[in-house]
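A.B. asks: here is a sequence together with a model predicted from it:
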Amino acid sequence: MKVIIQIPCFNESDTLPATVAELPKAIDGVDQIEVLVIDDGSTDGTFEVAKRLGVHHIVRHKRNRGLAAAFQTGINASLRLGADVIVNTDADNQYCGADIAALVAPVVLGDADIVVGDRQTSTLLEFSWIKRMLQRWGSTIIRRIGGVDIPDSVSGFRAFSADVAVGLNILSSFSYTTEMLIHAGYRGLNVISVPVRTNRKTRESRLFRSIPEFIVYSGTTVLRVYTMYHPLRVFCSIGFIFSLVGLMPILRFLFFYLLGDSTGHIQSLVIGGTCLSLGAISMLFGICADVSARNRQLSEMILERLIKLDLEKCLTEFPSDDAPL
């Protein structure tokens with residue numbers, strides 16, 4: 001059983017040493033533990049620091065591509081390195097490295113496909129009441145639309161099996177956390193959470209500059225991913241709303257028409273007909289998008305098989321732990 005701990009980094013030369021120092025050297029039921037650093041175009045010497053720390057593997061982006069891209073790069077590299085379980089943690093030493101054992105255990109035992117670390121944000125002093133409220137709302141939304149009950153849905157401290165990683169394709173350019181959970185719910189994976197500890201805050205988040213920006217980016221990501229997986233439901237809902245709105249002025253026109261006063265109410269008929277037309281068009285879009293979603297599902301299945309074949313070839317040609325990335 002091989003566990004690879006991946007650490008996406010962007011200008012983390014100051015905090016990376018403390019993060020690596022806290023990582024466990026041994027875990028029950030695990031034969032190998034390796035550390036993979038993904039340098040996302042850092043300009044502060046993060047790459048040199050990682051080399052000096054002696055981490056097992058380093059992957060570099062030539063320029064900064066964002067957290068989600070660094071996360072996906074780490075997954076691809078971990079799979080090619082023969083990981084059975086992949087753990088993701090942040091480079092700012094936010095999470096307690098000793099709790100990685102608690103994350104990995106359910107995956108190693110086969111009790112879960114994905115394990116998310118619950119920071120128990122209601123007890124964190126550095127979280128303002130606004131952040132706590134948004135955290136609760138966000139987790140509730142993910143539970144409703146994704147079907148996974150995770151109290152800390154935006155936690156980046158998580159472990160998952162190689163089988164999950166093979167079928168995981170992050171499309172968001174902002175963050176992977178919510179998209180990964182919606183994807184897991186769509187595939188019917190078993191996702192659980194375990195309580196984890198956090199270290200003292202070392203810096204402000206670099207993922208977003210303000211709470212409104214975080215709301216916009218997160219909301220856009222959730223809406224896009226949900227529409228991608230459930231297009232028929234989304235477009236038919238929009239079409240139903242348009243149809244309902246269009247039905248009201250038409251009924252108004254019929255009411256006055258039956259009373260013998262049809263003049264002067266043609267506008268209601270025009271507005272109602274337009275809204276009904278938009279509703280029908282939206283529903284047609286939903287049917288077309290649903291067909292496209294089914295084709296995308298088939299494409300994902302083919303891609304997953306190709307990745308598995310590629311990994312088998314890679315591990316056969318380079319059976320050592322130092323397979324080139």
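C.D. replies: Alright, I've got the coordinates.
A.B. asks: helix/strand/coil for R60?
C.D. replies: Classification of R60 using DSSP: H, G, I helix; E, B strand; the rest coil returns strand.
A.B. asks: which residues does it contact?
C.D. replies: I38, D39, G41, F47 (Cβ atoms under 8 Å, 6 or more residues apart in numbering). Where you see a C-beta, it was placed from the backbone N, CA and C, and this is true even at glycine.
A.B. asks: please report how far A98 lies from V107.
C.D. replies: 17 Å (Cβ to Cβ, to the nearest Å).
A.B. asks: neighbour-wise, which of these two wins?
C.D. replies: Neighbour totals were compared for A98 and V107, and V107 leads with 27 against 12 (other Cβ atoms under 10 Å).
A.B. asks: give the contact list for that one.
C.D. replies: V85, D113, I114, V115, A159, F160, S161.
A.B. asks: so which helix or strand takes in it?
C.D. replies: If you go by DSSP states H and E, V107 is part of helix 100-108.
A.B. asks: contacts for the helix or strand of the chain with the lowest mean pLDDT?
C.D. replies: None of the helices or strands of the chain scores lower by mean pLDDT, DSSP states H and E than helix 129-146, at a mean of 74. With contact meaning Cβ under 8 Å, 6+ apart, helix 129-146 is reached by 121-122, 127, 148-154, 178, 181-182, 184-186, 211, 214-215, 218, 222, 226, 230.
A.B. asks: contacting residues for I281?
C.D. replies: G239.
A.B. asks: so the residue lying farthest from the centre of the chain: helix, strand or coil?
C.D. replies: Most distant residue from the mean C-alpha position of the chain: G260, 58.8 Å away (Cα atoms, centre = their mean). Under three-state DSSP, the three-state class of G260 is coil.
A.B. asks: before we move on, what about Q6?
C.D. replies: strand.
A.B. asks: before we move on, what about the one 5 residues further on?
C.D. replies: N11 falls in the coil class when you classify it by three-state DSSP.
A.B. asks: quick one, phi/psi of it?
C.D. replies: phi 60, psi 60 (degrees, to the nearest 10).
A.B. asks: go on, L79?
C.D. replies: phi -60, psi -40.
A.B. asks: returning to that earlier point: just the buried residues of the contacts of R60.
C.D. replies: I38, D39, G41, F47 (16 or more other Cβ atoms under 10 Å).
A.B. asks: strands - which of those land there?
C.D. replies: I38, D39 (DSSP state E).
A.B. asks: neighbours around N76, how many?
C.D. replies: N76 - counted by other Cβ under 10 Å - has 16 other residues nearby.
A.B. asks: thinking again about what came up before, so which of the contacts of V107 comes closest to R305?
C.D. replies: S161 (17.2 Å; Cβ to Cβ).
A.B. asks: who touches that closest one in this structure?
C.D. replies: With Cβ under 8 Å, 6+ apart, S161 has these contacts: D84, V85, I86, V107, D113, I114.
A.B. asks: closest to H56 out of those?
C.D. replies: The nearest one, if we look at the contacts of S161 relative to H56 and count by Cβ to Cβ, is I86, at 13.5 Å.
A.B. asks: closest one to V59 out of the contacts of S161, please.
C.D. replies: Once Cβ to Cβ is applied, the member of the contacts of S161 that ends up nearest V59 is I86, at 13.5 Å.
A.B. asks: count the neighbours of that closest one for me.
C.D. replies: I86 has 27 nearby residues by other Cβ under 10 Å.
A.B. asks: phi and psi next, for it.
C.D. replies: phi -110, psi 130.
A.B. asks: what's the angle from the strand or helix carrying V225 to helix 129-146?
C.D. replies: Using DSSP H and E, V225 sits in helix 211-229. Angle of helix 211-229 versus helix 129-146, following axes from the mean of the first three to the mean of the last three Cα atoms, to 10 degrees, is 0 degrees.
A.B. asks: I'd say N190 and A112 touch.
C.D. replies: Yes. N190 is in contact with A112 according to Cβ atoms under 8 Å; the separation is 5.1 Å.
A.B. asks: report the buried residues of stretch 19-36.
C.D. replies: T19, V20, E22, L23, P24, I27, V30, I33, E34, V35, L36.
A.B. asks: quick one: mean pLDDT over it.
C.D. replies: Averaged over stretch 19-36, pLDDT sits at 90.
A.B. asks: Three-state assignment for G110, please.
C.D. replies: G110 ends up coil, using three-state DSSP.
A.B. asks: quick one: neighbours of it, just the number.
C.D. replies: Neighbours of G110 using other Cβ under 10 Å come to 9.
A.B. asks: E304 too?
C.D. replies: Neighbour tally, E304, other Cβ under 10 Å: 15.
A.B. asks: so which strand or helix has it?
C.D. replies: Here E304 is assigned to helix 266-317, by DSSP H and E.
A.B. asks: tell me what angle that helix forms with helix 211-229.
C.D. replies: 80 degrees.
A.B. asks: so for the nearest residue to Q267 once chain neighbours are set aside, what's the pLDDT?
C.D. replies: Using Cβ to Cβ, 6 or more residues apart in numbering and skipping residues adjacent in sequence, the residue nearest Q267 is P249, 7.9 Å away. P249 is assigned 86 on the pLDDT scale.
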